[in-house]
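K.L.:
how would this look folded up:
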Amino acid sequence: MPINDSALKYTARQHIWANEIARRLSSKYGLSVEFLEDEKPGFASIFDSKGMSEEWIIEEVMKRVDAMVEAGKMYGDDKMMNEFLIDRGIEPWKPR
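P.N.:
Below you'll find the model as predicted:
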C-alpha cells in the first residue's frame, strides 16, 4: 500500500512543529523538553532528583506538568502550527 503524499506531508509538518514546541517550552521553563519519536510519539522532560529536597522535587515536577499541559495544547493548535510553518517558509497544513 503506497504512502499517501498528503499524509506524509502532514506528518512531516507535525514533526517539525513538535520539535519547535519542545524548543520553545525548554526555553520558557528553563528545562529540557524533548519530543520523543517512538511507537507512541510524545513530549517528555526528565531530571535527576539526587540531592534535592522533597519541596524542590515537587517544584520541578510541577514545572514539568505545566510544560506538558502546554505542549499538548500547542500540539493541537493548528493555527499556531500554521503560523510557525509560514514563518519558516513551509507551506502550511490546510484542514480539509
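K.L.:
next one: phi and psi at the residue lying closest to residue 21 once chain neighbours are set aside?
P.N.:
Leaving aside its chain neighbours, residue 21 sits nearest to residue 74 (4.9 Å; criterion: Cβ to Cβ, 6 or more residues apart in numbering). The way it works is simple: take the backbone N, C-alpha and C, and place the C-beta from them, glycine included. When read as degrees, to the nearest 10, the backbone of residue 74 gives phi -70, psi -40.
K.L.:
report the contact partners of residue 74.
P.N.:
When contacts are counted by Cβ atoms under 8 Å, 6 or more residues apart in numbering, residue 74 touches 21, 24-25, 80.
K.L.:
of those residues, which pair is most distant in space?
P.N.:
Distance extremes for the contacts of residue 74: the farthest pair is 25 and 80 at 12.8 Å, using Cβ to Cβ.
K.L.:
give me the more crowded residue out of the two.
P.N.:
Using other Cβ atoms under 10 Å as the criterion, residue 25 and residue 80 rank with residue 25 on top: 23 against 15.
K.L.:
ok, and the closest non-adjacent residue to residue 63?
P.N.:
Nearest residue to residue 63, sequence neighbours excluded (Cβ to Cβ, 6+ apart): residue 29, at 5.5 Å.
K.L.:
doesn't residue 67 make contact with that neighbour?
P.N.:
Yes - if you go by Cβ atoms under 8 Å, residue 29 and residue 67 touch, sitting 4.9 Å apart.
K.L.:
mind giving me the packing neighbours of the longest helix anywhere in the chain?
P.N.:
Assignment by DSSP state H gives helix 5-29 as the longest helix of the chain. Packed against helix 5-29, as judged by 3 or more Cβ pairs under 8 Å, 6 or more residues apart in numbering; DSSP states H and E, are the following elements: strand 34-36, strand 42-44, helix 54-75, helix 78-87.
K.L.:
buried residues in it?
P.N.:
By neighbour count on 16 or more other Cβ atoms under 10 Å, the buried set for helix 5-29 is 13-14, 17-18, 20-22, 24-25.
K.L.:
picking that back up, how near is the residue nearest to residue 21 to residue 68?
P.N.:
11 Å (Cβ to Cβ, to the nearest Å).
K.L.:
how about residue 83?
P.N.:
Counting by Cβ to Cβ, the gap from residue 83 to residue 68 is 22 Å.
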